[in-house]
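Engineer: What shape does this take:
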Amino acid sequence: MAISELQRRREVSGLKICVIGGGSTYTPELIEGLIERRDELPVATMTLMDIDENRLRVVGGLAGRMLQAAEANIELSLTTQRKEALEGADYVITQIRVGGLACRIQDEKIPLQFGVVGQETTGPGGFAKAVRTIPVLLDIAHDMAEVAPGAHLINFTNPSGIITEALLKYTTTPTVGLCNSPVGFQRGIAQQLGVAPERIQLNYVGLNHLSWIRGVRLDGEDVFDQVLEGAMALARAGESPFSPECSDPLELGNYDSSSRISPRKGKHYVRASNVHTRVQGPGSTRRVDRHQGQGRDLSGVPAEATGFLPLARGIPGTGTRDLCHKTQQRR
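Structural biologist: Numbers count the residues shown, from 1 in each chain. Model prediction:
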């Protein structure tokens with residue numbers, strides 16, 4: 001179908017959205033969003049595709065009941081055939097896990113045997129998942145070019161950053177990589193402060209899931225210290241996704257709001273490999289090798305000469321949490 005014909009069909013009959021990995025537990029949340037925004041987003045057809053027939057039947061059945069209960073005029077179809085699902089789509093959402101949970105377990109456990117954090121988006125586990133997943137996503141993009149020319153691909157498959165980069169480099173398919181971590185942090189902080197999420201602005205850096213929040217503003221006013229203190233209080237109460245022990249190695253419990261530097265040990269550095277930490281204090285600098293639990297003096301040596309990067313000021317998000325987790329493993 002030519003792109004001009006596709007555009008005319010959109011105007012007449014509404015959008016078709018195809019979800020590859022439709023048996024995912026994320027699908028009901030997607031359906032809920034489409035129901036809530038049906039007046040803004042004219043979706044006529046939703047196709048869920050999955051290679052797991054049982055998951056597709058269960059999740060697809062729930063999606064159908066949700067649409068029916070909301071009296072949403074969206075036609076739902078289920079299939080295990082990828083090209084059939086993609087044909088004529090305007091938008092394709094990918095949310096797949098190549099190798100299933102069995103491979104995820106290996107991605108997370110094997111690195112731990114070598115003292116490295118096991119995680120599905122960063123480190124050895126994330127790279128292994130990328131190696132399995134990128135060829136499949138490239139095949140999906142190839143099929144889209146054949147049966148759904150002009151369609152946009154929205155990738156929600158991890159590791160989102162490297163997969164999206166591969167799609168942008170090696171296909172002509174219009175692609176957007178999606179991660180809900182930033183908006184999740186924004187909503188969590190808003191809940192902590194008892195305000196609407198749109199009043200919160202984050203200075204957010206990094207890729208999923210190696211990211212930091214370097215600043216928080218409420219209606220333009222800096223509230224980072226308040227948020228950080230509240231986050232640590234929640235962590236100590238067991239209500240936060242990171243460990244309260246992070247306040248020890250990263251000195252978050254001794255945070256000096258006037259200087260933005262911990263008064264006891266000064267500025268922290270993390271090596272790009274996430275293996276070493278350099279701690280700089282008054283008159284001394286120490287490089288700590290987590291594998292040996294020992295350090296050597298680096299007094300007067302600039303960070304750029306040692307291969308260390310400044311550790312961004314931030315709440316322990318996913319990246320900082322990995323560093324803390326590793327520190328705790330070696331303590």
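Engineer: mind showing which ranges of this protein have poor pLDDT?
Structural biologist: Counting by pLDDT under 70, the chain shows low-confidence ranges at 1-12, 240-331.
Engineer: One more pass at 50, please.
Structural biologist: In the prediction, the chain carries residues with pLDDT under 50 at positions 1-3, 253-331.
Engineer: can I see the domain layout of it?
Structural biologist: Listed by automatic domain parsing, the domain ranges of the chain are 3-179, 180-260+313-331, 268-310.
Engineer: And the strands in the stretch 1-150 of the chain, which stretches?
Structural biologist: All strands of the stretch 1-150 of the chain, identified by DSSP state E, counting those that start in this stretch, fall at 15-20, 43-49, 75-79, 91-94.
Engineer: That should have said the stretch 151-300 of the chain, apologies.
Structural biologist: Under DSSP E, counting those that start in this stretch, the stretch 151-300 of the chain gives strands at 152-155, 175-177, 200-207, 210-218, 221-222, 268-271, 276-281, 284-289, 294-297.
Engineer: CA-only coordinates of the fourth one in CSV, if you can.
Structural biologist: Taking C-alpha atoms only, strand 210-218 is exported to CSV below (Å, rounded to 0.1, in the frame of the first residue of the first chain):
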residue,chain,number,x,y,z
LEU,A,210,21.3,3.7,34.0
SER,A,211,20.0,7.1,35.0
TRP,A,212,20.1,9.8,37.6
ILE,A,213,17.9,12.6,38.8
ARG,A,214,20.2,15.7,39.2
GLY,A,215,17.5,18.1,40.3
VAL,A,216,13.8,18.4,41.3
ARG,A,217,11.7,21.6,41.0
LEU,A,218,8.2,22.2,42.2
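Engineer: list the helices and strands it packs on?
Structural biologist: helix 181-193, strand 200-207, helix 224-236, helix 318-330 (3 or more Cβ pairs under 8 Å, 6 or more residues apart in numbering; DSSP states H and E). C-betas here are computed from N, CA, C, even on glycine.
Engineer: Kindly recompute the last result at 6 Å.
Structural biologist: strand 200-207, helix 224-236, helix 318-330 (3 or more Cβ pairs under 6 Å, 6 or more residues apart in numbering; DSSP states H and E).
Engineer: how long is stretch 35-46 end to end?
Structural biologist: 12 Å (Cα to Cα, to the nearest Å).
Engineer: Show me which residues of it are buried.
Structural biologist: Of all the residues in stretch 35-46, those buried under the rule 16 or more other Cβ atoms under 10 Å are 35, 38, 43, 44, 45, 46.
Engineer: what does stretch 207-222 give?
Structural biologist: 207, 208, 209, 210, 211, 212, 213, 214, 215, 216, 218.
Engineer: Relative to residue 153, which of those is nearest.
Structural biologist: residue 208 (17.0 Å; Cβ to Cβ).
Engineer: Excluding chain neighbours, what is closest to the closest one?
Structural biologist: Nearest residue to residue 208 in three dimensions, chain neighbours excluded: residue 179, at 3.8 Å (Cβ to Cβ, 6 or more residues apart in numbering).
Engineer: Report whether the expected contact of the one you found with residue 160 is present.
Structural biologist: Yes - between residue 179 and residue 160 there is a contact at 5.1 Å, judged by Cβ atoms under 6 Å.
Engineer: Common neighbours of the two, please.
Structural biologist: residue 208 (Cβ atoms under 6 Å, 6 or more residues apart in numbering).
Engineer: about what we covered before: from the buried residues of stretch 207-222, pick the one nearest residue 90.
Structural biologist: residue 208 (25.4 Å).
Engineer: ok, now which ones touch the closest one?
Structural biologist: 121, 160, 179, 181.
Engineer: just checking, the first one touches residue 160?
Structural biologist: No - with contact defined as Cβ under 6 Å, residue 121 does not reach residue 160; the gap is 7.2 Å.
Engineer: quick one: which of these two has more around it?
Structural biologist: Neighbour count, other Cβ atoms under 10 Å: between residue 121 and residue 160, residue 121 has more, with 24 against 21.
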